[in-house]
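Asker: can't give you the sequence, but here's the structure:
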């Protein structure tokens, strides 16, 4: 029904989160309407992501530099670490404008049912940072779910031998909701009202 190049584009667009068949068709027709310059820019942007985006060797956030802009900033407070599941979560807390510490991206949550064990996520470098950077507080901000709670408790356990406070922020949202869907005001209030991990 569609020319093969459009059908291929539709199938590629369906790989994006939240994009079904109808949305993919609409987006594909929008791309067909681009002029050559706009289309070249669009295609080059996608290629550039693959070629230039990598993980920061310190915190695990995505970056196009040797270190991400936060790890490059000497004015950030290195005694506090926000631990998040994915790089996108960092943007939410940066929008608050009230946190001046550093971050650590786990790149997943412990989930034995899905075959994700502690060694499969970015935990060993978290311990190393706590040891090497004189970290005084680790604020764990993960999705309120069984996996998030399991990961939080594991972090508390592996950091228990160090002189570091492990806290969490209480978030008034249903279990299983991703952090990215919480508004910045709720996050800011939750950050101010953070508690020790029990």
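Answerer: Looks like it came in fine. Nothing here was measured: the structure is a model prediction, and the numbers come from that model.

Asker: drop to CA atoms for contacts and neighbour counts, all remaining ones
Answerer: Will do.

Asker: quick one: secondary structure of residue 34?
Answerer: At residue 34 the chain is in coil, as set by DSSP: H, G, I helix; E, B strand; the rest coil.

Asker: how about it, phi and psi?
Answerer: When read as degrees, to the nearest 10, the backbone of residue 34 gives phi -70, psi 140.

Asker: residues near the residue nearest to residue 103 when sequence neighbours are not counted, how many?
Answerer: Spatial nearest neighbour of residue 103, excluding adjacent residues (Cα to Cα, 6 or more residues apart in numbering): residue 82 at 4.6 Å. Counted with other Cα atoms under 10 Å, residues neighbouring residue 82 total 20.

Asker: same deal with residue 67?
Answerer: By the measure other Cα under 10 Å, the count of residues near residue 67 is 19.

Asker: who's in contact with it?
Answerer: 56, 57, 58 (Cα atoms under 8 Å, 6 or more residues apart in numbering).

Asker: Please identify, among those residues, the one with the most neighbours.
Answerer: The most crowded member of these, judged by other Cα under 10 Å, is residue 56 (20 neighbours).

Asker: and that one, how far is that from residue 26?
Answerer: 35 Å (Cα to Cα, to the nearest Å).

Asker: same deal with residue 42?
Answerer: Per Cα to Cα, residue 42 is found 16 Å from residue 26.

Asker: same check, this time on residue 75
Answerer: According to Cα to Cα, residue 75 stands 45 Å off from residue 26.

Asker: One more: residue 87?
Answerer: Per Cα to Cα, residue 87 is found 29 Å from residue 26.

Asker: Residue 123 now?
Answerer: Taking Cα to Cα as the measure, residue 123 falls 41 Å from residue 26.

Asker: Out of these two, name the residue with the larger neighbour count.
Answerer: A direct count of neighbours by other Cα under 10 Å for residue 123 and residue 26 places residue 123 higher, at 20 against 12.

Asker: tell me the contacts of that one?
Answerer: By Cα under 8 Å, 6+ apart, residue 123 lies in contact with 106, 155.

Asker: now with 7 Å?
Answerer: Going by Cα atoms under 7 Å, 6 or more residues apart in numbering, residue 123 touches residue 106.

Asker: can you pull the pLDDT of the spatially closest residue to residue 150 that is not a sequence neighbour?
Answerer: Of all residues not flanking residue 150 in the chain, residue 110 sits nearest, at 6.6 Å (Cα to Cα, 6+ apart). Reported pLDDT at residue 110 in the predicted model: 94.

Asker: repeat for the one 5 residues further on
Answerer: In this model, residue 115 is scored at 92, pLDDT.

Asker: With residue 128 instead?
Answerer: On the pLDDT scale, residue 128 gets 94.

Asker: If we go by neighbour counts, what in the helix or strand harbouring it is buried?
Answerer: Using DSSP states H and E, the element containing residue 128 is helix 124-132. Within helix 124-132, the residues scored as buried using 16 or more other Cα atoms under 10 Å are 125, 126, 129, 130.

Asker: Which single one of the residues you listed is nearest to residue 165?
Answerer: Using Cα to Cα, residue 130 comes nearest to residue 165 of those, at 10.6 Å.
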